[in-house]
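Visitor: Build me a structure from this.
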Amino acid sequence: MEREVSVSVPFEIAMIPVATSVVERSSEAFGLDRRGQLGLALAAEEILAFAGSSGGGGTMEVVCSDRGVSIRVECRVPREKLPLEAFNMTSRADDPDRMGLVLAARSAHRMEVSLEKGNLAVISFEREREYREISAEPLYPDQDESMDIGIPRPDEWPHLAAQVEERYGCGGDLKKAGLMARSLELGLIGALVARSPRGRLGGLVLWRPMGRVIELRGPFCFSPVGRELVEEALKVLGKSDAMGIVVDRPVSDVPEGYFEPLSSSGGVLFRQLREDNGALIWVPNDLRPFVEDAVDRLELPRDIRSAERREGLDEKSLLAVSTEVDGSAVIEPLLAGNDVGENLLAHLDALIERGVRSVSFHLDLGRPDFAYMAQSALEAGFVPKVLIPWGGRGDLLVMEGLR
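Guide: Alright, predicted model coming up:
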């Protein structure tokens, strides 16, 4: 059961210590490290200080919750009290008026912004617990060893990390055995391992939720068990509510016959798990041929509407950035705005300057305001790459940034 502590604080400078104390003490009780406690307390402090400086009274609700592998703080404030665009990664920390908000955004590992009824903005900051990396020797099996399929044990993750890193070059995130074991226990991820009677590790497959589908990683094979791992994973996932399975970064050991490519150029793979009864999606006219081709090829029942700029849209957009272990980055919209093309280019330049190798823009076509942003992305030089059925509230359009 998720634990949480909440407090409602008036927009007064004198009340800042109350909010920061609640966040700090709650996150301490939830087991967050000292640095994380101070980071989340700083975020709440800066939000309250900025919102309170505009006057007018009112309150901010602060909710601190234990989410298992991370601690999350939500600040609920009236929309008009904050310039939400200040939370963009490209905002300048030397702007004296918004410096605190910029620092707040950078104090967390993840940040989200959403709007609720009543013109309420919910700004969420999340810090992950500290899990140390554990190094271990590979436990490769002999080629003819028999294998049983089961759930990975906590002590096996470091060995699996060493094997995946050595063979596939992408095992770094598996070294945090505590994080992987806890995520598996909480159902944040799923995993199966091929294990010999003497404890040798012959393969691994992992998955996690992605919208209304499941994202699959692997199978990473160190013996000929790829087909068995996939078949066992399908038995488990077939009992879920997921519409399908996506293999975003296929490895060479993905067995043939289980998945189909989502685009004519190959790459991302997909398998439908249950009947698709149709969906409504919005698409800008310039991207309609690409989307219609994908819909027809996959035989998806879709009602495609034209995405058009809505009257009264905010001038400023807000984008979220997440980086992957392979050196790539994903940009996703948090708030739609008229400046999204300019904002995307600024983010693209900033990420390339930091050494990011590739940048993609993910758009949920089940959300009309977000769908229209694809037009601005296209004009900014992003090109459509793949359509993932049910990758969000509706289908997810992945566009790639080129420079």
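Visitor: could you pull out the strands for the stretch 1-150 of the chain?
Guide: Counting by DSSP state E, counting those that start in this stretch, the stretch 1-150 of the chain has strands at residues 3-10, 59-66, 70-78, 110-116, 120-128, 148-150.
Visitor: need those strands in JSON lines with mean pLDDT, can you?
Guide: Output for the strands of the stretch 1-150 of the chain, formatted as JSON lines (pLDDT from 0 to 100):
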{"stretch": "strand 3-10", "mean pLDDT": "92"}
{"stretch": "strand 59-66", "mean pLDDT": "93"}
{"stretch": "strand 70-78", "mean pLDDT": "92"}
{"stretch": "strand 110-116", "mean pLDDT": "84"}
{"stretch": "strand 120-128", "mean pLDDT": "90"}
{"stretch": "strand 148-150", "mean pLDDT": "96"}
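Visitor: For residue 215, which of those is the nearest?
Guide: Checking the strands of the stretch 1-150 of the chain against residue 215 by Cβ to Cβ gives strand 110-116 as the closest, at 17.2 Å. Every C-beta, even on glycine, is put in place using the N, C-alpha and C of the backbone.
Visitor: on contacts alone, who are the packing partners of that closest one?
Guide: Contacts defined by 3 or more Cβ pairs under 8 Å, 6 or more residues apart in numbering; DSSP states H and E place strand 110-116 against strand 120-128, strand 318-323, strand 328-335.
Visitor: Tell me who's in contact with residue 263.
Guide: Applying Cβ atoms under 8 Å, 6 or more residues apart in numbering to residue 263 gives the contacts 294, 385-387.
Visitor: ok, so of those residues, who is nearest residue 349?
Guide: Minimum distance to residue 349 across these is 19.9 Å, recorded for residue 385 (Cβ to Cβ).
Visitor: my read: that closest one touches residue 377, true?
Guide: No. Using Cβ atoms under 8 Å, residue 385 is not in contact with residue 377; the gap is 11.4 Å.
Visitor: By mean pLDDT, which helix or strand of this protein comes out lowest?
Guide: helix 99-106 (a mean of 80; mean pLDDT, DSSP states H and E).
Visitor: ok, which stretches of the protein are helices?
Guide: 16-29, 34-53, 99-106, 157-168, 177-186, 226-237, 288-298, 340-353, 368-379 (DSSP state H).
Visitor: out of the ones you listed, which comes closest to residue 198?
Guide: helix 157-168 (13.2 Å).
Visitor: any idea how far that closest one is from the chain center?
Guide: Distance of helix 157-168 from the chain centroid (Cα atoms, centre = their mean, to the nearest Å) equals 23 Å.
Visitor: List the contacts of residue 279.
Guide: Taking Cβ under 8 Å, 6+ apart as the test, what residue 279 contacts is 300-303, 366, 390, 394-395.
Visitor: Identify the bridge partners of it.
Guide: Taking DSSP bridges as the rule, residue 279 bridges to residue 302.
Visitor: Switch the helices and strands packed on strand 110-116 over to a markdown table; also include mean neighbour count and distance to residue 178.
Guide: Listed next are these as a markdown table, based on neighbours: other Cβ atoms under 10 Å; distance: least, Cβ to Cβ, whole Å:
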| stretch | mean neighbour count | distance to residue 178 |
| --- | --- | --- |
| strand 120-128 | 20 | 11 |
| strand 318-323 | 18 | 21 |
| strand 328-335 | 20 | 25 |
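Visitor: Rebuild those strands as JSON lines, extending it with distance to residue 15.
Guide: Output for the helices and strands packed on strand 110-116, formatted as JSON lines (distance: least, Cβ to Cβ, whole Å):
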{"stretch": "strand 120-128", "distance to residue 15": "17"}
{"stretch": "strand 318-323", "distance to residue 15": "26"}
{"stretch": "strand 328-335", "distance to residue 15": "27"}
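Visitor: Minimum distance to residue 149: which of the ones you listed has it?
Guide: Nearest of those to residue 149, taken as Cβ to Cβ: strand 120-128 at 29.5 Å.
Visitor: remind me which residues of the stretch 251-400 of the chain are low pLDDT?
Guide: 310, 312, 325-326 (pLDDT under 70).
Visitor: And this structure, what are its domain boundaries?
Guide: Each domain of the chain is listed here as a residue range: 3-128, 148-272, 279-401, per automatic domain parsing.
Visitor: Centre-most residue in the protein?
Guide: residue 322 (6.8 Å; Cα atoms, centre = their mean).
Visitor: In contact with the closest residue to that residue other than its chain neighbours, which residues?
Guide: In this structure, residue 322 finds its nearest non-sequential neighbour in residue 330, 5.1 Å apart by Cβ to Cβ, 6 or more residues apart in numbering. Residues in contact with residue 330, defined by Cβ under 8 Å, 6+ apart, are 321-324, 359-362.
Visitor: on that earlier part again, which of the domains of the chain sits closest to residue 135?
Guide: Per Cβ to Cβ, nearest to residue 135 of these: domain 148-272, 6.4 Å.
Visitor: can you give me the offset of that closest one from its chain's centre?
Guide: The answer for domain 148-272 is 18 Å, by Cα atoms, centre = their mean.
Visitor: Could you list the low-pLDDT ranges of the stretch 51-200 of the chain?
Guide: 54-56, 92-97.
Visitor: how about 80 then?
Guide: For the stretch 51-200 of the chain, the stretches with pLDDT under 80 are 52-57, 84, 89-100, 105, 117-118, 171-173.
Visitor: circling back to that earlier point, would TSV of the helices of the chain with distance to residue 311 be doable?
Guide: Listed next are the helices of the chain as TSV, based on distance: least, Cβ to Cβ, whole Å:
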stretch	distance to residue 311
helix 16-29	37
helix 34-53	27
helix 99-106	28
helix 157-168	49
helix 177-186	43
helix 226-237	42
helix 288-298	22
helix 340-353	16
helix 368-379	11
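Visitor: Out of those helices, which gets nearest to residue 316?
Guide: The closest of the helices of the chain to residue 316 is helix 340-353. By Cβ to Cβ, the value is 7.8 Å.
Visitor: I'd say residue 214 and residue 247 touch.
Guide: No. Contact status for residue 214 versus residue 247: not in contact, 9.8 Å apart, counting by Cβ under 8 Å.
Visitor: so what sits against both of these two?
Guide: Here residue 214 and residue 247 share no contacting residue, scored by Cβ under 8 Å, 6+ apart.
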